[in-house]
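S.K.: Below are the sequence and a predicted model for it; my questions follow.
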Amino acid sequence: MTTTLTRIVHLLWRKADWDHALDDALKSIGSRPSLMGCTFKGIALCGKSQFQDAMKAFDLTFMFVDANLNKTQLLLLIKVRLQHGPIIASGDQGVP
């Protein structure tokens, strides 16, 4: 079920349907906390311009990286970008 929910969140993220993406990310985390669930929660919160809450969600993702340097570097880049302004500008419709 978690895999299905993270796929749905990803599709909603691509459509910039942040409310539903956040709801599904929370369901995914509720059924089984994971790197993807917490990451999608952070992305959905960014899309809703809730940057402080997004930062907290990305902080939680570090529990799931298992000393993987690539994952750690990606999460640090996301956090640095968040500190310098929104990742997703208003009007953007998902990922290019």
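M.R.: Arrived safely, thanks for sending. Computed from a predicted model, the values in this text were never measured in an experiment.

S.K.: Quick one: mean pLDDT over the helix or strand Leu45 falls within.
M.R.: When elements are assigned from DSSP states H and E, Leu45 belongs to helix 35-47. Averaged across helix 35-47, pLDDT comes to 87.

S.K.: Stretch 51-66 now?
M.R.: Stretch 51-66 comes out at a mean pLDDT of 88.

S.K.: Just say helix, strand or coil for Ala67.
M.R.: Secondary structure of Ala67, reduced to three states by DSSP: H, G, I helix; E, B strand; the rest coil: coil.

S.K.: State the distance from it to Thr39.
M.R.: Distance from Ala67 to Thr39, counting by CB to CB, to the nearest Å: 17 Å. Where C-beta positions appear, they are placed from N, C-alpha and C, glycine not excepted.

S.K.: Give the other helices and strands that the helix holding Leu45 contacts.
M.R.: helix 2-14, helix 18-31, helix 51-61, helix 69-83 (3 or more CB pairs under 8 Å, 6 or more residues apart in numbering; DSSP states H and E).

S.K.: who touches Lys71 in this structure?
M.R.: By CB atoms under 8 Å, 6 or more residues apart in numbering, Lys71 lies in contact with Leu35, Val65.

S.K.: relative to helix 69-83, how tilted is the helix holding Leu45?
M.R.: 10 degrees (axes from the mean of the first three to the mean of the last three CA atoms, to 10 degrees).

S.K.: Centre of the chain to helix 35-47, how far?
M.R.: 2 Å (CA atoms, centre = their mean, to the nearest Å).

S.K.: More neighbours: Ala67 and Thr39, which one.
M.R.: For Ala67 versus Thr39, the count of surrounding residues by other CB atoms under 10 Å is larger for Thr39: 22 against 6.

S.K.: In contact with that one, which residues are there?
M.R.: Ala57, Phe58, Thr61, Leu75.
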